[in-house]
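Engineer: show me the folded form of this:
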Amino acid sequence: MKSNKSTKIIATLGPASSTVENIAALHDAGADVFRLNFSHGAHEDHAARFAAVRQVEQASGRPIGVLLDLQGPKLRVWSFADGQAELEAGQSFSFDRNPEPGNHQRVCLPHPEIFAATKVGDILLVNDGQLRFQVTAVHADRLDTTALVGGIISDRKGVNVPDAALAVSALSAKDRRDLEFGLELGVDWVALSFVQRPEDVLEVRELIGGRAKLMAKIEKPLAVQNIEAIIEVADAIMVARGDLGVEMPPEEVPSIQKRIVRLCREAGKPVVVATQMLESMIKAPAPTRAEASDVATAVYDGVDAVMLSAESAAGHYPAEAVSMMERIIRHTESDPLQRQLMQAVTTRHLANSTDAIGAAIQTVAGVLPVGATITYTTSGATAFRVAHERPASPILSLTPNRTVARQLALLWGVTSYATEDAKNVEDMVEKACAAAKSTGYYQVGKPLIVVAGIPFGTPGSTNLLRVVWPE
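Structural biologist: Down below sits the predicted model:
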């Protein structure tokens, strides 16, 4: 069970990786969490993939996390009489509420919230920014624009409005159906797309009702503006660079990523970097040097996880992409400079016993050659805080709650393990030593740090640290 890396890998499942055999290969290659992308596929497709993951989990003996990624509200143009229209840079073009098929002069945009929020000078992006329009006049039922970049505009292409704060819920009707379906399946994490403000997160958290952890995807300029408030109310953050790179200038994305990662690290919240990390491996058996450097940069910054999208979902080399990412992670983590850079950012400590114990672990590890830190946790809170101290020793988390064990699979440095709860301190120590030996974390002559809350089974009561020398 012992993991050879601290930074986790999220692999998206899709047509190239839907069978038990394919998922097992991805898991063997280093994937810790599997993403179900509800922007594609029917419910029965995702149910089959979920069942396959649980089958692989049972065979491997290791808890595996499942992340449900909601599509979010998609804004799209309507259809064209000929299926598409060719536009030239500098020409006039209108987006209106008329449902008639479009042409080279206009197309229907069936989203009143865009008309309400847009002003003269704003930019509209179509088809992931391949076409750009500047608004020259705003009417109740029509936006007049000038095409800044020409090209082919076709049926149902997506529209981004980076300059406007749209009065639209982060959940569409489809998202609500998908969310309930995923929660009934038993997903461990839910990723919320197109978050703009903390209220979006709170709305979905209420619907989840504690059945899963909630991850906010940062892909809108307004979310970047509200990032600290969003971090505070989310369980984790994903830097979703795909749509973020569409709505914001590409040169700003690296600094935004760095800032979000730092803020999450300081707040003690898990952070994931996603999109186009090994993009060329969709069709090629090896990444570019720039892509390898991109993954390594996230590891140097101390992110909890990096994510593969189309590389593992629809690419020609899904297992090879995971294996390559795992090798980049392991090599980067073996660099002494990585720990120095990662430790340049420290988690803010709250005035409670859990954070006091977390800080004490660092002190103990600086004096003793600790083999592993073992956390006993019911809710996962202890493991969350210990992980975000980024201790030099590996973390083995023991929990009687299998769902919690699966949620912890996302966290930096944590190997989660489902076990019976301890009856008393001595039983806890005995179980900790046995788990360390059975999972490969036991090392002769190296003590274990055991962390738990007394009384047992009380969430958020971390108040015990014990140094154990296994026999």
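Engineer: and the helices in the stretch 301-450 of the chain?
Structural biologist: For the stretch 301-450 of the chain, the helices defined by DSSP state H, counting those that start in this stretch occupy 310-313, 318-333, 336-342, 353-367, 381-387, 402-407, 425-438.
Engineer: where does the stretch 301-450 of the chain have low pLDDT?
Structural biologist: Within the stretch 301-450 of the chain, no stretch has pLDDT under 70.
Engineer: reformat the helices of the stretch 301-450 of the chain as JSON lines; add distance to F181.
Structural biologist: In this view, the C-beta of every residue, glycine as well, is placed from N, C-alpha and C. Formatted as JSON lines, the helices of the stretch 301-450 of the chain follow (distance: least, CB to CB, whole Å):
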{"stretch": "helix 310-313", "distance to F181": "19"}
{"stretch": "helix 318-333", "distance to F181": "25"}
{"stretch": "helix 336-342", "distance to F181": "38"}
{"stretch": "helix 353-367", "distance to F181": "34"}
{"stretch": "helix 381-387", "distance to F181": "27"}
{"stretch": "helix 402-407", "distance to F181": "17"}
{"stretch": "helix 425-438", "distance to F181": "35"}
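Engineer: closest to R265 out of these?
Structural biologist: Closest of the helices of the stretch 301-450 of the chain to R265 is helix 336-342, at 8.4 Å (criterion: CB to CB).
Engineer: got the CA coordinates for that closest one in CSV?
Structural biologist: Coordinates of the C-alpha atoms in helix 336-342 are reproduced here as CSV (Å, rounded to 0.1, in the frame of the first residue of the first chain):
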residue,chain,number,x,y,z
PRO,A,336,16.1,18.6,-2.1
LEU,A,337,15.2,22.0,-3.6
GLN,A,338,11.5,20.9,-3.8
ARG,A,339,11.1,20.7,0.0
GLN,A,340,12.8,24.0,0.4
LEU,A,341,10.5,25.7,-2.1
MET,A,342,7.4,24.0,-0.8
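Engineer: coming back round to it: figure out which of the helices of the stretch 301-450 of the chain is closest to S60.
Structural biologist: helix 402-407 (12.4 Å).
Engineer: who are the packing partners of the closest one?
Structural biologist: strand 65-69, strand 414-418 (3 or more CB pairs under 8 Å, 6 or more residues apart in numbering; DSSP states H and E).
Engineer: and of the helices of the stretch 301-450 of the chain, who's closest to V233?
Structural biologist: Among these, the nearest to V233 by CB to CB is helix 381-387 (15.3 Å).
Engineer: one step back: ok, which of the helices of the stretch 301-450 of the chain comes nearest V138?
Structural biologist: helix 310-313 (36.6 Å).
Engineer: quick one, what contacts the nearest residue to D69 once chain neighbours are set aside?
Structural biologist: Nearest residue to D69, sequence neighbours excluded (CB to CB, 6 or more residues apart in numbering): A191, at 4.2 Å. Taking CB atoms under 8 Å, 6 or more residues apart in numbering, we find A191 in contact with R35, L67, L68, D69, L70, M215, A216, K217, M238.
Engineer: A191 looks like it's in a strand, true?
Structural biologist: Yes - looking at A191 with DSSP: H, G, I helix; E, B strand; the rest coil, it is inside a strand.
Engineer: quick one: distance of stretch 357-365 to the chain centre.
Structural biologist: The chain centroid and the centroid of stretch 357-365 are separated by 28 Å under CA atoms, centre = their mean, to the nearest Å.
Engineer: same question but for stretch 430-441, I mixed them up
Structural biologist: Chain-centre distance of stretch 430-441: 30 Å, with CA atoms, centre = their mean.
Engineer: give the buried residues for it.
Structural biologist: Going by neighbour count (16 or more other CB atoms under 10 Å), the buried part of stretch 430-441 is K431, A432, C433, A435, A436, T439, Y441.
Engineer: just stretch 45-62 next, same as before
Structural biologist: Buried positions in stretch 45-62, judged by neighbour count with 16+ other CB under 10 Å: D45, H46, A47, A48, R49, F50, A52, V53, R54, V56, E57, R62.
Engineer: which of these sits closest to I152?
Structural biologist: The closest of the buried residues of stretch 45-62, once distances to I152 are taken by CB to CB, is D45, at 30.1 Å.
Engineer: got a list of what that closest one touches?
Structural biologist: So D45 contacts S18 (CB under 8 Å, 6+ apart).
Engineer: which stretch of helix or strand covers it?
Structural biologist: helix 43-60 (DSSP states H and E).
Engineer: now do that helix against strand 65-69, angle only.
Structural biologist: 160 degrees (axes from the mean of the first three to the mean of the last three CA atoms, to 10 degrees).
Engineer: kindly provide the distance from the residue lying closest to S39 once chain neighbours are set aside to R176.
Structural biologist: Spatially, and ignoring its direct neighbours in sequence, S39 is nearest to Q71 (4.2 Å; CB to CB, 6+ apart). Counting by CB to CB, to the nearest Å, the gap from Q71 to R176 is 11 Å.
Engineer: any common contacting residues for these two?
Structural biologist: By CB under 8 Å, 6+ apart, no residue touches both Q71 and R176.
Engineer: domain ranges for the protein?
Structural biologist: When the chain is parsed with automatic domain parsing, its domains come out as 8-73+169-334, 84-160, 353-468.
Engineer: from one end of the first one to the other, what's the distance?
Structural biologist: Think domain 8-73+169-334. With CA to CA, to the nearest Å as the measure, domain 8-73+169-334 spans 15 Å from end to end.
Engineer: thank you, goodbye.
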